[in-house]
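Enquirer: Build me a model from this:
(one chain, ligands or ions: 1)
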Amino acid sequence: MNEFAPHLSFEEIADMVIDHAYNSTLVEHLRTCSRCSFEKDAVEQIVTTMRQDRTEDAPAYALASILRAFDERPVQAADPKPTLVEKISAALRFDSAKLGPAHGFRSGHASAGRQILLSAGDITFDLRLKRVSAGFDLHGQILGDVEHGNISLESSTDTRSASVGLDGEFKFDAVPEGVYRFIFHSESITAEFAELDIS
Ligand SMILES: [Zn+2]
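Expert: Numbers count the residues shown, from 1 in each chain. This is a model prediction of the structure:
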């Protein structure tokens, strides 16, 4: 194959398998590229399995595993370097304030503070909030592959930012109560959590 021809995207392969959307360029690529023809065979198998499944919708886990397999394809030397910053939405994984009393810290045990975990791709933000007279001190740590970067907290009335240290730690003092956009910027990613409720 022409080593500079781009491999087929998941969408192109899925369209071929599901909607029979072939054209000569795609067919020629498949004929000459073992990687893409292998992937097309894999998608065909999964689609066949899904069609035999009596459940009404394609199982989400199956779709997720297909998409993950495509994400994890090794990057070949001929592939162009990514030039865009990857944007990831962070998801709330844990909030000690939302646990019932049986699982959380005992109420009145103020020094324990509040812990929030946000995850974005392979990294997790471990946030600890502690009430102070002017709001909350927020100490955070990035778990996972730590990259140089900075964290911003933005509300309608307040924007502040802090840099992430070598150890992945960052710190905001006396953040006023409110709902903030939490944004991590590094050279390669922007991870954002839209509504961080600091209260
Ligand atoms: Zn290919």
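
Enquirer: Near the residue nearest to Val132 when sequence neighbours are not counted, how many other residues are there?
Expert: Nearest residue to Val132 in three dimensions, chain neighbours excluded: Ala174, at 5.7 Å (CB to CB, 6 or more residues apart in numbering). Just so you know, the C-beta spots here come from the backbone N, C-alpha and C atoms, and that holds for glycine as well. Counted by other CB atoms under 10 Å, the residues lying close to Ala174 total 12.

Enquirer: now the one 10 residues further on
Expert: Phe184: 24 surrounding residues under other CB under 10 Å.

Enquirer: if we look at the sheet, which residues does it bridge to?
Expert: Ile151, Ala191 (DSSP bridges).

Enquirer: Make sure His139 is indeed in a strand.
Expert: Yes. Assignment of His139 by DSSP: H, G, I helix; E, B strand; the rest coil places it within a strand.

Enquirer: For it, give me the pLDDT.
Expert: Residue-level confidence at His139 comes out at 94, pLDDT.

Enquirer: can you check Glu86 too?
Expert: Note for Glu86: predicted pLDDT of 78.

Enquirer: now do Ala191
Expert: pLDDT at Ala191 comes out at 91.

Enquirer: so Ser89 makes contact with Ile189?
Expert: No. Applying CB atoms under 8 Å as the test, Ser89 and Ile189 come out as separate, 11.3 Å apart.
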